[in-house]
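[1] quick one, fold the following:
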Amino acid sequence: MILMMGAFMSALDSSIVNVAIPKFMALFGVGPDQAEWVMTGYLLTSGVVVPITGYLGNRFGYKRLYIAAISVFTLGSALCSLSWNNDVLIGARIIQAVGGGAIMPVTMAMNYTIVPRNRIGMALGIWSVAITMAPSIGPTLGGYLIDNFNWQTIFTINIPIGIMAVILGGLSLPETPGRPGLKFDLPGSILSGSGCFAILLALSEGQTYGWTSLFIVTTVVVGVFAMILFVMWELCTPSPLLDVRLLRNTVFSTSLMAVSAIFIGLFAIVFLIPIYAQDLLGYTPMQTGLLLMPQGLAMGVMMPVTGRLFDRFGAFPMAAAGAVVLTLVTYSLHNLSLDSTYGHLQFLLIMRGVGVSLCMMPVTASGMNAVPRRMASEASALTNLVRNIAASVGIAFLTYIMQLREVYHVQWLATTVTPSSLDLLQRMRYAMHLPDTAAALGVLSLYVQQQGTMAAIDDSFLVATVIVAVAVPLVLMLGRKRVEAARLAETGRLDELAAASAGHRANIPVPAE
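    Residues are numbered from 1 along each chain as shown. Predicted structure coming up:
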């Protein structure tokens, strides 16, 4: 529960700030391109921090790292609430992200370090409540705080929770031993940080600059090239920042691919539903938040149940059922229209939340269980890095699909308005009591635009369905026997590496599994 407090704060802060962007624009007198860096700065900094959390956890111990991360995050929250202009707020958000980026991987790694393996499903189910409920609660809570109090409260709300997490963590969490002699992989850190920064920057700014612009293409090339060099360096250095050889573990790699597909589908909802609800159905931000909240609550209720079932039956039965439910419900969402009711949409989202709960935690836990306990920090960092990139790729790709299809559908619908439509315009004018034909044409143009956007959102959900469906065959490889065999093979590899590298034994200890 102490670990979940930190994870919940970190996940909540990634969504609660979204609804405040218009407020920042008006308050600080900046445009959307400047205000969005309140979000982009946090995302980029978190992406840079995640790869080094494995080293920090092994070097200083998970408990110390967790308390330090919560402290920095809480300090950043306090500084955000004191900001007097947009630049100061961005700087404070970067400080906040240094702590927030480390919280997720270190809390996941601590679960696998301090919890017995036969109860890890229940522990991870409770921990997963944070990352599933927070994105759904964030917009509603943010809108409520801004409407009824002030914008500072979306940051000050973190301060008492952060202080409580630090105190309880210091009193109750068991300390994990550090490794003072562990060498820091500076080249690997520079390459991974540069690669993650460039790739996330391109995904965040692609819509602003254009995906084929020189800036975005150059940034993508630099990011990909840096990540290739990072992998090559990690394979030859005796003290890697992240042991990328973990990707040879087929169960762990399969888990990462399945998690990526699920996360892209999850963030499709976070991105597309607010556009649909507010721009097309006319819901307020608060109504949209209440629309999304039951989905988050359903996931919060189901996660501990899924964890208990995982401990008893393994991942395959639930992950397979969850992936199928998630795929079918995502496909159903592509039939949404301008006449869809609030209750119908809410029901589909709740069912989708159940599907996510059934598959996401077992898939993640299977991948982590497939590696030895001593590699928990590296596996956790890799898992969270892949999650962050998958979420960014999903949002960027679905945005591109939606905009591309919107142009197509609007142009196609516009061709149906011909000179023969004059009779229709006249009837619209009289039926709607419009002053002239030009006004009727304006109403018709608005309707064409709405229908084009609706069709584009439906197409985006169809694409999201195809991506989510990729997870269905992948979960077939996550049976309990496969997971155990992969873990034993990985343990043998590490034992052989330690035996062959006696000179580096201080850097690569071999504790009993």
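[2] stretch 448-467: which residues count as buried?
    If you call a residue buried by 16 or more other CB atoms under 10 Å, then stretch 448-467 has these buried ones: 448-465, 467. Glycine gets a C-beta too; all of them are placed from N, C-alpha and C.
[3] which secondary element of the chain has the worst mean pLDDT?
    helix 422-431 (a mean of 63; mean pLDDT, DSSP states H and E).
[4] which residues in the chain form strands?
    Applying DSSP state E to the chain gives no strands.
[5] what's the domain layout of it?
    Per the record, the chain has its domains at 1-184, 186-236, 408-451, by automatic domain parsing.
[6] most packed of those?
    Highest mean neighbour count of the domains of the chain: domain 1-184, a mean of 20 (counted as mean count of other CB atoms under 10 Å).
[7] tell me the contacts of residue 91?
    Contact analysis of residue 91 by CB atoms under 8 Å, 6 or more residues apart in numbering lists residue 79.
[8] so for the residue nearest to residue 178 when sequence neighbours are not counted, what's the pLDDT?
    Closest residue to residue 178 apart from its sequence neighbours, by CB to CB, 6 or more residues apart in numbering: residue 61 at 4.1 Å. Residue 61 carries a pLDDT value of 85.
[9] confirm for me that residue 61 is in contact with residue 180.
    No. At 10.2 Å, residue 61 and residue 180 do not qualify as touching, with contact defined as CB atoms under 8 Å.
[10] circling back: out of the buried residues of stretch 448-467, name the ones that lie in helices.
    Applying DSSP state H to the buried residues of stretch 448-467, the entries found in helices are 448-465, 467.
[11] distance check, residue 339 against residue 169.
    50 Å (CB to CB, to the nearest Å).
[12] could you find the closest non-adjacent residue to the most centrally placed residue in the chain?
    Residue closest to the average C-alpha location in the chain (CA atoms, centre = their mean): residue 391, at 4.6 Å. Distance criterion CB to CB, 6+ apart; nearest residue to residue 391, sequence neighbours excluded, is residue 267 at 4.7 Å.
[13] burial count for the one you found?
    20 (other CB atoms under 10 Å).
[14] run a quick neighbour tally on the closest residue to residue 132 other than its chain neighbours.
    Using CB to CB, 6+ apart and skipping residues adjacent in sequence, the residue nearest residue 132 is residue 299, 3.8 Å away. For residue 299, the neighbour count with other CB under 10 Å is 28.
[15] surely residue 299 touches residue 353?
    Yes. Residue 299 is within contact range of residue 353, at 4.4 Å (criterion: CB under 8 Å).
[16] any idea how far the nearest residue to residue 330 once chain neighbours are set aside lies from residue 254?
    Residue nearest to residue 330 in three dimensions, not counting chain neighbours: residue 465, with 4.5 Å by CB to CB, 6+ apart. Computed as CB to CB, the residue 465 to residue 254 distance reads 20 Å.
[17] ok, residue 317 - contacts?
    residue 309.
[18] check the gap between it and residue 255 for me.
    16 Å.
[19] need the longest helix for the chain.
    In the chain, with assignment by DSSP H, the single longest helix is helix 376-414.
[20] find me the pLDDT at the closest residue to residue 12 other than its chain neighbours, would you?
    If the residues on either side of it in the chain are set aside, residue 12 comes closest to residue 134, at 4.1 Å by CB to CB, 6+ apart. On pLDDT, residue 134 comes in at 77.
[21] residue 354 too?
    88.
[22] ok, it - how many residues close by?
    21.
[23] what about it, distance to residue 292?
    Distance from residue 354 to residue 292, by CB to CB: 15 Å.
[24] check residue 231 too.
    37 Å.
[25] could you do residue 338 as well?
    With CB to CB as the criterion, residue 338 and residue 292 are 19 Å apart.
[26] more neighbours: which of these two?
    residue 292 (25 against 13).
[27] contacts only, for the nearest residue to the more buried one once chain neighbours are set aside.
    Distances taken as CB to CB, 6+ apart place residue 136 nearest to residue 292, at 4.7 Å, with adjacent residues excluded. Residues in contact with residue 136 (CB under 8 Å, 6+ apart) are 292, 293, 295, 296, 297, 299.
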